[in-house]
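1. Need a 3D model of the following:
(one chain, ligands or ions: 1)
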Amino acid sequence: MLRRSFLPLAAASLAAQTRPYDLLIKGGELRDPARKLKRKADLAIRAGRIASIEDDIAPASALQVMNAAGSLVVPGLIDLHTHCAVGASGLGIDPDPIGARSGVTTWVDAGTFAWDQAMGFRRFVVEPSKVRVFGFVYLYPSNRNPDTDVVKYVRGGMRQTGEMAARNRDIILGVKLQVGSNMNGRYSLDFLKIARELCDQYKLPLMAHISFSPPETDEVMELMRPGDIVTHMYNRHTLGILGPDGKVKASVREARRRGVLFDVGHGLGSFNFEAARKAMADGFLPDTISTDIYNLNVNGPVYDMPTTMSKMMHLGMSLDDVLVCTTATPARILNRVPGLGTLDVGAPADVALLAVEEGSFPLIDSQRATETAKQRVVCKGTICRGIRLG
Ligand SMILES: [Zn+2]
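-> As a prediction, this is how the structure comes out:
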């Protein structure tokens, strides 16, 4: 009797010995355009890493098999601008269920938490999440006494913000600031100068949201350095990348030339088809495509990353270019996990199964303009750290 009770364990270990892979993704088309990989092949995962890519891997060699026939097998998507710090403000959303249905395996929170909430971000968001979570710390702390001078107050938090980022480099990528008269009133430029000083001192990238002037675009661009990120690039607001002639401003081109990165950051108010079309017609494509997803736009107009990708394809980008902007490039910016954002043997087993459907699909921008697309990207499955999420 005793012996019998040991049998399932023995059987399990025998299965693990005879089945070297934990998960096999079978019959899909592998796409990793940054590495020029486009190949119908099977991909096997072991211990959270991609263990093998071969034309035909026997199903019997894996404990679990996913049928990927008809799907594109791509690196897990990386969303560089989200709000997933649940609890730190009213905005954040839980990244796991949305990651599971949308293929996003790496989430970057862009300034939902300030230095005084960073430990809560680690403990209650980064650690319990199945997906990978990183963040840009927000410069503006949460509990200002209304009697204190606001610029002095933000300057007063500079050192704590820098030190918090330096001590938590494994999860904090840089500093986020919202620059725009609607966000930080008339203090935006003062705050931006403080952020500049902070990022120079602690050698951190700055992510700047742009929305309404003042300050003016040229003033903002002047303060951006190589490796910094401008998000909401396709807004149609007064603090944007386009001049009155509908062309990309010289200061914006100059910023890109010296290595400033430009991110889509769709959001509730920041993605406009017309603005995007004009900028793209002037040759100004995004470095990264992100959603700026949070609880006020997850039920539209953002919905999720595949919908944002569909919008960029509708505007003329190829699927491969969209994939580079949602995998390899944000992985390079993150620069925290070796091999992230690629489908290579030895790389982390973060994988999305996508499909491009043909038909007639309404797409809505932030100003509620609706256009009809002939294609859309859909997610068929998500694997993060070798574990199937959806
Ligand atoms: Zn945002």
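2. use CA for all of it now, contacts and neighbours both
-> Noted.
3. so Leu353 sits in a helix?
-> No - assessed with DSSP: H, G, I helix; E, B strand; the rest coil, Leu353 is strand; it does not lie in a helix.
4. what about it, how many neighbours?
-> Look at Leu353: counted by other C-alpha atoms under 10 Å, it has 26 neighbours.
5. can you tell me which residues contact it?
-> Ala68, Ser71, Leu72, Val73, Val74, Gly103, Cys379, Lys380, Gly381, Thr382 (C-alpha atoms under 8 Å, 6 or more residues apart in numbering).
6. Provide the backbone phi and psi angles at the residue nearest to Glu216 when sequence neighbours are not counted.
-> Excluding the flanking residues, the one nearest Glu216 by C-alpha to C-alpha, 6 or more residues apart in numbering is Leu239, at 6.1 Å. Per-residue torsions, Leu239: phi -100, psi 90 (degrees, to the nearest 10).
7. so what pLDDT did the closest residue to Ile289 other than its chain neighbours get?
-> Nearest residue to Ile289, sequence neighbours excluded (C-alpha to C-alpha, 6+ apart): Val264, at 5.0 Å. Per-residue confidence (pLDDT) for Val264: 98.
8. got the contact list for Val264?
-> When contacts are taken as C-alpha under 8 Å, 6+ apart, Val264 is in contact with Thr231, His232, Met233, Tyr234, Phe271, Pro286, Thr288, Ile289, Ser290, Thr291.
9. Listing request: residues of this protein with sub-threshold pLDDT.
-> 1-17, 87-89, 141-147 (pLDDT under 70).
10. residue closest to the middle of it?
-> When C-alpha atoms, centre = their mean is applied to the chain, the residue found nearest the centroid is Asp79 (1.2 Å).
11. Figure out the helix or strand that it lives in.
-> Per DSSP states H and E, Asp79 falls inside strand 77-82.
12. Please flag which of the contacts of Val264 sit within strands.
-> Thr231 (DSSP state E).
13. Dump the contacts of Val264 into JSON lines; add neighbour count as well.
-> JSON lines is the format used below for these (neighbours: other C-alpha atoms under 10 Å):
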{"residue": "Thr231", "neighbour count": "30"}
{"residue": "His232", "neighbour count": "30"}
{"residue": "Met233", "neighbour count": "29"}
{"residue": "Tyr234", "neighbour count": "30"}
{"residue": "Phe271", "neighbour count": "28"}
{"residue": "Pro286", "neighbour count": "22"}
{"residue": "Thr288", "neighbour count": "27"}
{"residue": "Ile289", "neighbour count": "30"}
{"residue": "Ser290", "neighbour count": "29"}
{"residue": "Thr291", "neighbour count": "29"}
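14. Include distance to Phe121 when you put the contacts of Val264 into JSON lines, please.
-> As requested, the contacts of Val264 are arranged in JSON lines below (distance: C-alpha to C-alpha, whole Å):
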{"residue": "Thr231", "distance to Phe121": "22"}
{"residue": "His232", "distance to Phe121": "24"}
{"residue": "Met233", "distance to Phe121": "27"}
{"residue": "Tyr234", "distance to Phe121": "29"}
{"residue": "Phe271", "distance to Phe121": "27"}
{"residue": "Pro286", "distance to Phe121": "28"}
{"residue": "Thr288", "distance to Phe121": "24"}
{"residue": "Ile289", "distance to Phe121": "24"}
{"residue": "Ser290", "distance to Phe121": "20"}
{"residue": "Thr291", "distance to Phe121": "20"}
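15. Which pair in the contacts of Val264 has the greatest spatial separation?
-> Spatially, the most separated pair among the contacts of Val264 is Phe271 and Thr288, at 13.7 Å (C-alpha to C-alpha).
16. Buried ones in stretch 62-82, by neighbour count?
-> Buried residues in stretch 62-82, defined by neighbour count with 16 or more other C-alpha atoms under 10 Å: 62-65, 68, 71-82.
17. Then stretch 32-43?
-> Those would be Asp32, Pro33, Ala34, Arg39, Lys40, Ala41, Asp42, Leu43, for stretch 32-43 by 16+ other C-alpha under 10 Å.
18. Farthest pair within these?
-> Ala34 and Asp42 (19.1 Å).
19. Run a quick neighbour tally on the residue nearest to Gly76 when sequence neighbours are not counted.
-> Among residues not flanking Gly76 along the chain, Val351 sits closest, at 4.1 Å (C-alpha to C-alpha, 6+ apart). Val351 has 28 neighbours, counted by other C-alpha under 10 Å.
20. what bridges to Val351?
-> Val351 has the following beta-bridge partners by DSSP bridges: Pro75, Ile383.
21. all helices of the stretch 101-250 of the chain, in order?
-> 118-121, 150-156, 158-167, 181-184, 188-202, 217-222, 250-257 (DSSP state H, counting those that start in this stretch).
22. ranking those helices by burial, who's on top?
-> Most buried of those, by mean neighbour count (mean count of other C-alpha atoms under 10 Å): helix 118-121, with a mean of 21.
23. That one packs against which elements?
-> Judged by 3 or more C-alpha pairs under 8 Å, 6 or more residues apart in numbering; DSSP states H and E, helix 118-121 has no packing partners among the helices and strands.
24. In three-state terms, how would the nearest residue in space to Ala347 that is not next to it in sequence be classified?
-> Residue nearest to Ala347 in three dimensions, not counting chain neighbours: Gly339, with 4.6 Å by C-alpha to C-alpha, 6+ apart. Per three-state DSSP, the local secondary structure of Gly339 is coil.
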